[in-house]
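In: The following comprises the amino acid sequence and a computationally predicted model.
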Amino acid sequence: MKLRNSIRQGQFDSMDFGPYLLLASLEGAVQAAVLALTALGLSLVFGVMRVVNVAHGEFFMLGAVLAWWISSLLTGTPLFGFLAALIFAPLIVGGLAAVADRLILKRLKYDPEATIVATIGLLYIIQQGALTLYGPDARPVAAPFDFRVSFPWFGYSGYKISVILTCMVMLLGVWALLTRTRIGLIMRATQYDRETAQAFGIPVARVYTGVFAFGAMLAAVAAVLIVPTQQAYYLMGLDPLLLSFIVVIIGGLGSLKGTVLAAVVIGLSDGIITIFFDPTLAKILSTILVAMILVFRPTGLFGTATR
């Protein structure tokens, strides 16, 4: 805030630029890492199933709320509660997503228009369920550890740096799963041609259920990682959903490489613009970029036309 006011008043000292740029880049890197993991789940669901999951942000919210619930139940060290939340919250969210796929999406035969309406309904069910059981208040989740990394100009949260590193490991793990394992081969075969995959004996319905659950789990993992720097709140799923859609549209619908690259660009630019100018400006520029992408390249930077 102080820096933004200085820029507006013409009192900005160029000697301050380096430290502020480093701080903005670190904050942007945290946003980019969490956004990449969240948007990757959304992109994976669309890429394999051709389903636009409007409830994806609520799976993110549910992961954060469950992280608070699990960590508050375990009265030991914050690290123990956090690790338990990191394991069990995504599993619970993935289980709920699998049930939703079996009970709702499968019965609709994964029709694109019908599933959009269905996931909107699922969004409100999860949101209102969280409001009823969790309440309207935002609640903090303790970070598993608290130390600061010293830079020449300031100290920075060691936990936030660990979030960046953890998300990078997770993204590499997902890439290895999709490109180096039999599970990934089955998912890619289902993505390219559902009918041919079914003819070769691939259980497409089970693949779809697994992919929908896995996408929700990625969102929940991202939420558990970031919630110690924020607070768990039943309406916190909107921003991750909108930003994930922006990232997926820019990167290309169904393109995992494009999703990660777009998340890095959006996250870093959002962090830098927020520090130096105004948070609203970052959202405006992202929206303009999406509009330009849709006009000049409707499939996104790395997307391909739907078969």
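Out: Structure received.
In: contacts and neighbour counts: CA atoms only from here.
Out: Fine.
In: Where does the prediction get shaky in this protein?
Out: For the chain, the stretches with pLDDT under 70 are 1-18, 275-279, 282-283, 286, 303-307.
In: Which positions in the one helix or strand Met217 maps to come out as buried?
Out: Assigned by DSSP states H and E, Met217 belongs to helix 204-226. Within helix 204-226, the residues scored as buried using 16 or more other C-alpha atoms under 10 Å are 204-205, 207-226.
In: Roughly how far does Gly95 sit from Thr132?
Out: Gly95 sits 20 Å away from Thr132, going by C-alpha to C-alpha, to the nearest Å.
In: same deal with Leu86?
Out: 24 Å.
In: the more surrounded of those two?
Out: Just comparing Leu86 and Thr132: by other C-alpha atoms under 10 Å the higher neighbour count belongs to Leu86, 23 against 11.
In: Hmm, the more buried one is touching Trp68, no?
Out: No: at 10.8 Å, Leu86 and Trp68 do not qualify as touching, with contact defined as C-alpha atoms under 8 Å.
In: and the strand or helix carrying Leu83, what other elements does it pack with?
Out: For Leu83, the host element (DSSP H and E) is helix 78-100. Helix 78-100 is packed against helix 56-73, helix 204-226, with contacts defined by 3 or more C-alpha pairs under 8 Å, 6 or more residues apart in numbering; DSSP states H and E.
In: Any idea which of those helices gets closest to Leu294?
Out: helix 56-73 (21.6 Å; C-alpha to C-alpha).
In: could you check the angle helix 204-226 makes with that closest one?
Out: 60 degrees (axes from the mean of the first three to the mean of the last three C-alpha atoms, to 10 degrees).
In: so His56 sits right up against Leu241, yeah?
Out: Yes: contact status for His56 versus Leu241: in contact at 6.3 Å, counting by C-alpha under 8 Å.
In: Can you lay out the helices and strands packed on helix 78-100 as TSV showing distance to Val117?
Out: Putting the helices and strands packed on helix 78-100 into TSV (distance: least, C-alpha to C-alpha, whole Å) gives the following:
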stretch	distance to Val117
helix 56-73	13
helix 204-226	16
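In: so how far is the one helix or strand Val169 maps to from its chain's centroid?
Out: Using DSSP H and E, Val169 sits within helix 158-180. From the chain centre to the centre of helix 158-180 is a distance of 13 Å (C-alpha atoms, centre = their mean, to the nearest Å).
In: Only the buried residues of that helix, if you could.
Out: Along helix 158-180, these residues count as buried under the neighbour rule (16+ other C-alpha under 10 Å): 159-161, 163-164, 166-168, 170-171, 174, 178.
In: for this protein, what's the longest helix?
Out: helix 17-49 (DSSP state H).
In: Buried residues, stretch 105-122. List them.
Out: Here stretch 105-122 shows 105, 110, 112, 115-116, 118-119, 122 as buried, counting by 16+ other C-alpha under 10 Å.
In: Tell me who's in contact with Leu235.
Out: By C-alpha atoms under 8 Å, 6 or more residues apart in numbering, the contact list for Leu235 reads 61, 127.
In: Next: Arg50.
Out: Contact analysis of Arg50 by C-alpha under 8 Å, 6+ apart lists 110, 112.
In: Dihedrals phi and psi, it?
Out: With angles defined as degrees, to the nearest 10, Arg50 sits at phi 60, psi 40.
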